[in-house]
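# Output the structure for:
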Amino acid sequence: MILANTRARLNREDAQLVVRLVARGSSRAIASAEDTLADQGLDPLLDDPALLEGLLSARQGAHASWPLFSYVVVRHALRQSGEEDPVIADYVASILLHFGLRQRARQLGAHDDATYDTLASLGNELEGGDASRAFLARAHLGNYALWLSGLFPDHIEQRRWRKGGPDLGYFEAMGQRGFRLAADHRLANEHGLAPLFAAAAERFPTLRVALNRVSDRLLFPHVHTPERLMRQVRDMT
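Numbers count the residues shown, from 1 in each chain. Okay, the predicted model is just below:
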């Protein structure tokens, strides 16, 4: 089960690196950042624009852990899109961390034998007799749709134009459906996840656009296609 726990995985070494990157080598800035860390915790430093810049351009940024890098990149992209909730950023970063492992994006759990290559293939699992599996399938539908439409929008758009595949709107609709169904499941209430899934459903288009920015800048920076330009223009309106 993917949880919003990326920040909880950050350790002392991560915090020390954050201080150094935010301070940019200034001893006075280091002292100020350390005071902020002691008084307010790590979150204000994680939100500092200097941290994202340092992770992407400073030599020390190459030593960042995957949880730190993922959370900061996602958090800043979401804030740029108007999404300020750190819990949402925490959850989206967790999706990236989990689905980046082997074929985890195609499985309901790390040790599940069944794989699902399309969103539609999850349909039979959403209302199954096994409550736990149905709950996992609903959450996975939302997660998988966000992963695909957020990080691989160019692939989706190219398939749509060349082979008549579903567009980004389809992935948004399916993702919202998955998160809504997950929020409505009794297990979501029992585990305190209903508000998170409800928020993810409501804000799915914003999450998708934010991840598109991450993908365009970091994963596929040298793609210059009419499909990408049309998507970017469309998302700005």
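# Next, find the distance separating the residue nearest to A58 when sequence neighbours are not counted from L101.
Nearest non-adjacent residue to A58, counting by CB to CB, 6 or more residues apart in numbering: L21, 6.0 Å away. Heads up, the C-betas are built off the backbone N, CA and C, glycines and all. To L101, L21 is 26 Å away according to CB to CB, to the nearest Å.
# One more: L193?
Distance from L193 to L101, by CB to CB: 22 Å.
# Who has more neighbours out of these two?
For L193 versus L101, neighbours defined as other CB atoms under 10 Å are more numerous around L193 (21 against 10).
# Mind giving me the packing neighbours of the helix or strand harbouring S149?
Following DSSP states H and E, one finds S149 within helix 131-151. Applying 3 or more CB pairs under 8 Å, 6 or more residues apart in numbering; DSSP states H and E, we find helix 131-151 packed against helix 86-99, helix 168-184, helix 186-190, helix 194-202, helix 204-214.
# distance between the last one and the chain's centre?
This points to helix 204-214. 8 Å (CA atoms, centre = their mean, to the nearest Å).
# And for that helix, what's in contact with it?
73-74, 77-78, 80-83, 88, 92, 142, 145-146, 149-151, 153, 168, 171-172, 175-176, 179, 200, 231-232, 235 (CB atoms under 8 Å, 6 or more residues apart in numbering).
# Could you do the shortest one as well?
Applying CB under 8 Å, 6+ apart, the external contacts of helix 186-190 come out as 131-132, 135, 182, 193-194, 197.
# Contacts only, for M230.
Going by CB under 8 Å, 6+ apart, the list of residues near M230 reads E157.
# Measure how the strand or helix carrying it sits relative to helix 168-184, angle-wise.
For M230, the host element (DSSP H and E) is helix 226-236. Between helix 226-236 and helix 168-184, the angle comes out at 50 degrees (axes from the mean of the first three to the mean of the last three CA atoms, to 10 degrees).
# can you tell me the average pLDDT over helix 226-236?
Here helix 226-236 scores 89 as its mean pLDDT.
# One more: stretch 151-170?
90.
# Same question for stretch 86-104.
93.
# Just want the most central residue of this structure.
V92 (2.7 Å; CA atoms, centre = their mean).
# OK, contacts around the residue nearest to it when sequence neighbours are not counted?
Excluding its sequence neighbours, the residue lying closest to V92 (CB to CB, 6+ apart) is V74, at 5.0 Å. For V74, the contact set (CB under 8 Å, 6+ apart) comprises 89, 92-93, 96, 210-211, 214.
# low pLDDT regions in the chain?
The chain contains no residues with pLDDT under 70.
# before we move on, back to that, name the nearest of the contacts of helix 186-190 relative to S27.
Set against S27, the nearest of the contacts of helix 186-190 by CB to CB is L193 (43.7 Å).
# How much space separates the closest one from R7?
Taking CB to CB, one finds L193 at 17 Å from R7.
# can you check L108 too?
The value you get for L108 to R7, if CB to CB is used, is 25 Å.
# cool, and R75?
9 Å.
# what residues are shared contacts of those two?
Shared contacts of R75 and R7, counting by CB under 8 Å, 6+ apart, come down to 46, 86.
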